[in-house]
Every structure is written in C-alpha cells, then in structure tokens.
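Engineer: quick one, fold the following:
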Amino acid sequence: MHYIIEEIDEDTSMEDLQKMMIVALIYRLLVCFYEIICIWGAGGATPGKFLLGLRVVTCDTSVLIAPNRVLVIPSSNVSITTSTIRALIKNFSIASFFPAFITLLFFQHNRTAYDIVAGTIVVRRNGIR
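Structural biologist: Predicted coordinates:
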C-alpha cells in the first residue's frame, strides 16, 4: 500500500477553514430566511409541513381537551418577529450539533424548545384529518 504524505500548511488550512465557516454561515442564514418567509408569509407552513397537513401557529397556552386534541390559545398566524426568533433558534441550534427537535420528547404536547421560546406550536391544518 502506498500512502501519500503531504506537509500541511497551517496558514492555508486556516484560510480554508475560514472560507468554509463563511459559506456555512451564509447557508444557515439563507435557510433561516426561507423558513421565516414560509412560516410568516405562506400560511404558517414550509412545503414539507404543507404536504403533511401541518402549520405553525402562535401559542401562549395549550390545554389537553381530549386524546390527541389540544386547545391552543390564541392560535393566530405567526408574526414576522416570532417567525424570525423560531427560525434562528432552530437553525443555529441544529448548526451547533444540538438536536433541538429531541426536546419535543420532554415538553408538553410535543413542543420543541424553540417553539416554547418563540411562543408557537405545530398543529394540523383545518380540514385535515
């Protein structure tokens, strides 16, 4: 077996790392912008949520009224500020290798940590059963 041994230039490696970090940051910001627009401006759903019959609404309080039925108060469309907070927390926690979606196992009504901080909840769209 032949191994290729190269000398690593530390300056080049750091420059490459900085470039990759900038690209990753730009990508993450674009994903946030996309999600903000979808949740705020497109009826509370990304295309995936829409296909699954789900949407994001505001939620100050949620009360279990029957099995698999929750009363959400106030349950209104998400504002651009709320959508921005939710998208930033969600996407940057994913970027830092913290699986934010795992927190849904520990909070009431399967809400994630970023949903609780932003004051939102994911619900079924009206008319979808």
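Engineer: tell me the centre residue of this protein?
Structural biologist: Ranked by distance to the mean C-alpha position of the chain (CA atoms, centre = their mean), the top residue is Lys90 at 3.6 Å.
Engineer: could you list the buried residues of the helix of greatest length in the chain?
Structural biologist: Ranked by residue count and defined by DSSP state H, the top helix of the chain is helix 10-41. Counting neighbours by 16 or more other CB atoms under 10 Å, one finds that the buried residues in helix 10-41 are 28, 31-32, 35-36, 38-40. C-betas here are computed from N, CA, C, even on glycine.
Engineer: out of those, flag the one nearest to Met14.
Structural biologist: Arg28 (20.8 Å; CB to CB).
Engineer: what's in contact with the lowest-mean-pLDDT helix or strand in the chain?
Structural biologist: With mean pLDDT, DSSP states H and E as the measure, the helix or strand of the chain carrying the lowest mean pLDDT is strand 69-74 (a mean of 78). Contacts of strand 69-74 from elsewhere in the structure, counted by CB atoms under 8 Å, 6 or more residues apart in numbering, are 57-65, 109, 121, 123.
Engineer: neighbouring strands of that strand in the sheet, and parallel or not?
Structural biologist: The strands that strand 69-74 pairs with in its sheet are strand 54-66 (antiparallel) (by DSSP bridges).
Engineer: compute the inter-axis angle for the partner strand and helix 10-41.
Structural biologist: Following axes from the mean of the first three to the mean of the last three CA atoms, to 10 degrees, one obtains 60 degrees for the angle between strand 54-66 and helix 10-41.
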